[in-house]
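A.B. asks: got a sequence here, can you model it:
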Amino acid sequence: MALPSLLALSLALTLNASGSRSPPAKPADAALPPDELGEAVKLGKKLFDETGTHPLTRAFVGNALSCASCHPDSGAHPTASTLLGAATAYPAWGPREQAVLTLEDRVLNCFMRSLNGTRPPVGSKPSIALTAYITWLSTGMPVRLNAEAPLGPHSFAKPAFVPSKVSVERGRKLYGERCAPCHGEDGQGDPPVWGPRSYNAGAGLAAVPKLAGWLRATMPPDAPLASDADAVDVAAYVNSQPRPDFVLRDHLPAGDRTGVYNSSVADEVDRAPTWPRRK
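C.D. replies: So this is what the prediction gives:
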């Protein structure tokens, strides 16, 4: 598959009627940077698509997911959890870490949470390659540092909802109709959406608002869920299922391989299931 081009990428950030930014235009093909930088970008895309199986990254992954499991089309889809323009937001403030995060920080933290694995070393070959690729997806776009959260300018919105009106049972039925054909009635399809082979309780998608927003933008691929209520109920059902707990210290590499974990939060524990929310 050809790498996406950003030469023709629209930089329009006008707001639509719902208040969210309009998605970027889907790019065409274009040239990579020359020499070793271009090779790093190509390697980064390969690692993005094959995170759990590639020799450079598989030791850091603890489940059956890859970066592309959450970001279709190698992160270059114009709407579905797109990473087009994401690098322009960094360095960004990270409320969870209570620290200013670089794009590399953000990428490495995904290994601990969404991939339920161990954080690769800062400056390692996979870290540099993945960051180079994601940065390349923002070629030509203006820098817009995000002082509120580590999110790019085209990140999906999180729907508002009233917790008391959420129906896990309705979510179960919708899941069976819309999601089970790929992910299985038991959630263990391709990719798995709960259980030991899926993301852990510390991942962003373990939060119902974020998973609901992701569903609205991304799933099912041919026709994403049509309403906030549908997405919230499905998200609540999925996150009411068992998955690995998250204990921060268990996901940091030992000793001299830790490098710099850029966070002011030394201890974090998140237990599954993550719905219903604990008081």
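
A.B. asks: mind listing what the nearest residue to Pro253 once chain neighbours are set aside touches?
C.D. replies: Distance criterion C-beta to C-beta, 6 or more residues apart in numbering; nearest residue to Pro253, sequence neighbours excluded, is Thr118 at 5.4 Å. Quick note: C-beta positions are derived from backbone N, CA and C, even for glycine. Residues near Thr118 by C-beta atoms under 8 Å, 6 or more residues apart in numbering: 59-60, 62, 111-112, 251-253.

A.B. asks: this protein: helices as residue ranges?
C.D. replies: 35-49, 67-70, 103-112, 125-136, 168-174, 180-183, 208-218, 228-239 (DSSP state H).

A.B. asks: is it true that Ala64 touches Gly189?
C.D. replies: No. Taking contacts as C-beta atoms under 8 Å, Ala64 lies outside contact range of Gly189: 10.0 Å.

A.B. asks: looking at the two, which is more packed in?
C.D. replies: Shown here are Ala64 and Gly189; by other C-beta atoms under 10 Å, Ala64 has more neighbours (18 against 14).

A.B. asks: against Ser198, how distant is the more buried one?
C.D. replies: For Ala64, the distance to Ser198 equals 7 Å [C-beta to C-beta, to the nearest Å].

A.B. asks: let's have the helices of the chain in CSV, adding distance to Arg144, mean pLDDT and mean neighbour count.
C.D. replies: Putting those into CSV (distance: least, C-beta to C-beta, whole Å; pLDDT from 0 to 100; neighbours: other C-beta atoms under 10 Å) gives the following:
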stretch, distance to Arg144, mean pLDDT, mean neighbour count
helix 35-49, 22, 96, 18
helix 67-70, 22, 97, 21
helix 103-112, 13, 97, 23
helix 125-136, 14, 96, 22
helix 168-174, 35, 98, 17
helix 180-183, 34, 96, 15
helix 208-218, 20, 96, 23
helix 228-239, 26, 98, 25
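
A.B. asks: in TSV: the ones you listed, plus distance to Arg277.
C.D. replies: What follows is the helices of the chain, written out as TSV (distance: least, C-beta to C-beta, whole Å):
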stretch	distance to Arg277
helix 35-49	32
helix 67-70	22
helix 103-112	22
helix 125-136	31
helix 168-174	12
helix 180-183	23
helix 208-218	8
helix 228-239	9
